[in-house]
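Participant: can you look at this prediction? I've put the sequence above it.
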Amino acid sequence: MPFVVPRDPSLPPATWTAYGLTALTVLPLVWRRRAPVRVLLAILATSALYELAVDGPGQPLPYAGLVIVYTIAALSPPRTRVAVAAMLPVIITGSVWLNTRSARELLFALFVFGAAYALGRLTDTRQRYAAARERARIAREMHDILSHAVSLMVVQAEAGPVAVRTAPERAEAAFDAISETGREAMAHLRGMLGVLREDPGAAPPRAPQPDTGELPALLERVRRSGLDVSYEVTGAARALPPALGATVYRVVQEALTNTVKHAAARAATVRLAYGEDEVEVTVTDDGRGPRGSGGGHGLTGVRERAAAHGGRAVCGPGPGGRGFRVAVSLPLGGGVRA
C-alpha cells in the first residue's frame, strides 16, 4: 500500500529500485519451509539493503520478517528456534536503530515479533496434539480389529480338535469360520494401512468404515465361537452418520471380544436403543463379571470412543451383580471432537 497510496510531496517518490528490493525481500518466503534459517538471513540482508541504500516508502509492519519468524517457531527443531529467539531482540534493536531510533517502535516491534513466535509455537503444539490423537485413533482401530479376529480364531481353533473327534461337521464349520475371520481382518487392516500410505492430497479409501448395518454379520461370526448372542433394536431405527455408526459397531465388537476372551460366558445380549437425541448401545453377558472382564486397552478404547462423540460409557457388573455390562450413550447431533 505505501507504493499505491499517494505520498506526501515532501517525501521522495518511490523508484523502480525500491519496488525491486521490496519484491526481493518477499521472494525468499517461497522456500521458507525448506530452509527457514537461510530465508531469514536473506530477508535480513535485503531489508538492511533497503534501509541503507534506498530512500523508499516504509512498511507499517515487517511482513516478511513476521512470516519467517512464525515459520521457524512452528517448524524448526528446538535448538534452531531457541537460537533464533535469542537473536531476535538484537536483530530488532539494530533494525530500529537504523530506522527511527524510537523506543516506542522498539517496544512495538518486540511485541509483534514475540507474538509471531508464540503463534508459531502454538501451531506446532496443536499439530502435535492432533497427530497424537490420530495415532491413538489408529491404535484403537487396529486393537479392535486384531483383538476381535484373533480371539474368535483362537476359540475356534481350540474347539476344532474336539469337534474333529466328536462332530466332524462342526469342525469343518469351525475351520471355515477361522478362515473367514482371518480374511476379514486382513481386509480391514489393508484398508487402514492403505490410508496411512496415501499421499495427503490423495482421495480417501473406497472401503467404508463398518456401521450398524454390519452388526448382524458380526454377531453371526461371534455365535460360531459358541457364544449365544441375541440382538434387540428398540426405537425408530435410522441411518447414523458414518463416524457414529462406526463407533457403535466398534463398541459392540470390543464388548463381545472381551466376553469371548475373558468372561467364560454362555450367552450375551446386544441392545441398540434409538432415542430422539441419542443412541444407546448395551452389551451384557452371563459370565464371570468384572473379574473376568480382562485388562488391556479395550474398555479404555470404548470410553475414548464415547468421549470423542460427547457421549459416556459405563462398564461394570451386569444386572443383579451377575455377568458384565457395557453401556454407551452417544448423542445423535454431535460430531467427532477434534
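Facilitator: Received it, and whenever you're ready, just let me know what you need.
Participant: sketch out the low-pLDDT regions of the chain for me.
Facilitator: Where the chain drops to pLDDT under 70, the residues are 1-3, 12, 55-60, 170, 191-208, 291-297, 334-338.
Participant: how about the strands in it?
Facilitator: Applying DSSP state E to the chain gives strands spanning 228-234, 267-274, 278-285, 312-317, 324-331.
Participant: run through who's touching the third one.
Facilitator: Just to be clear, that refers to strand 278-285. 227, 240, 244, 248, 251-252, 255-256, 259, 263, 265, 267-273, 311, 318-319, 323-332 (CB atoms under 8 Å, 6 or more residues apart in numbering). C-beta coordinates here come from the backbone N, C-alpha and C atoms, glycine included.
Participant: ok, now which ones touch Met153?
Facilitator: Taking CB under 8 Å, 6+ apart, one finds 178, 181-182 in contact with Met153.
Participant: mean neighbour count and distance to Gly160 added to the strands of the chain, as a markdown table?
Facilitator: Formatted as a markdown table, these follow (neighbours: other CB atoms under 10 Å; distance: least, CB to CB, whole Å):
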| stretch | mean neighbour count | distance to Gly160 |
| --- | --- | --- |
| strand 228-234 | 14 | 20 |
| strand 267-274 | 18 | 22 |
| strand 278-285 | 23 | 23 |
| strand 312-317 | 16 | 31 |
| strand 324-331 | 22 | 27 |
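Participant: export the ones you listed to JSON lines and tack on distance to Ser102?
Facilitator: Shown next, in JSON lines, are these (distance: least, CB to CB, whole Å):
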{"stretch": "strand 228-234", "distance to Ser102": "73"}
{"stretch": "strand 267-274", "distance to Ser102": "67"}
{"stretch": "strand 278-285", "distance to Ser102": "61"}
{"stretch": "strand 312-317", "distance to Ser102": "58"}
{"stretch": "strand 324-331", "distance to Ser102": "56"}
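Participant: ok, which of those strands comes nearest Leu41?
Facilitator: Shortest separation from Leu41 across the strands of the chain is recorded for strand 324-331, at 52.6 Å, computed as CB to CB.
Participant: how much space between the residue most central in space within the chain and Pro241?
Facilitator: Centroid-nearest residue in the chain, with CA atoms, centre = their mean: Glu134, separated by 2.7 Å. For Glu134, the distance to Pro241 equals 19 Å [CB to CB, to the nearest Å].
Participant: how about Arg104?
Facilitator: Relative to Pro241, and taking CB to CB, Arg104 is found at 54 Å.
Participant: once you drop chain neighbours, what's closest to Arg303?
Facilitator: Leaving aside its chain neighbours, Arg303 sits nearest to Ala313 (4.6 Å; criterion: CB to CB, 6 or more residues apart in numbering).
Participant: mind checking how far stretch 306-324 is from the chain centre?
Facilitator: 25 Å (CA atoms, centre = their mean, to the nearest Å).
Participant: report how far apart the opening and closing residues of that stretch are.
Facilitator: 18 Å (CA to CA, to the nearest Å).
Participant: phi first, then psi, for Asp8.
Facilitator: Dihedral pair for Asp8: phi -60, psi 140, per degrees, to the nearest 10.
Participant: burial check on it, number of neighbours?
Facilitator: Counted by other CB atoms under 10 Å, the residues lying close to Asp8 total 5.
Participant: the helices in the stretch 1-150 of the chain, which residues?
Facilitator: Secondary structure of the stretch 1-150 of the chain (DSSP state H, counting those that start in this stretch): helices located at 16-26, 36-53, 63-75, 78-99, 103-166.
Participant: measure Ser47 to Thr234 for me?
Facilitator: Taken as CB to CB, the span from Ser47 to Thr234 is 70 Å.
Participant: err, Ser225, not the other one
Facilitator: Relative to Thr234, Ser225 is positioned 26 Å away (CB to CB).
Participant: try Ala118
Facilitator: Applying CB to CB, the value for Ala118 to Thr234 is 52 Å.
Participant: then Ala116?
Facilitator: For Ala116, the distance to Thr234 equals 56 Å [CB to CB].
Participant: what of Arg79?
Facilitator: 60 Å.
Participant: now do Ile138
Facilitator: Taken as CB to CB, the span from Ile138 to Thr234 is 33 Å.
Participant: swap in Met186?
Facilitator: Per CB to CB, Met186 is found 35 Å from Thr234.
Participant: what does Arg165 give?
Facilitator: Distance of Arg165 to Thr234, given as CB to CB: 43 Å.
Participant: please name the residues that touch Phe175.
Facilitator: 156, 160.
Participant: quick thing: my sequence starts at 35, can you match it?
Facilitator: From this message on, residue numbering opens at 35, which makes the last subject Phe209.
Participant: for it, give its distance to Thr215.
Facilitator: Phe209 is 11 Å from Thr215, by CB to CB.
Participant: could you do Leu261 as well?
Facilitator: Distance of Leu261 to Thr215, given as CB to CB: 14 Å.
Participant: do the same with Ile126
Facilitator: Distance of Ile126 to Thr215, given as CB to CB: 64 Å.
Participant: and for Ser259?
Facilitator: According to CB to CB, Ser259 and Thr215 sit 9 Å apart.
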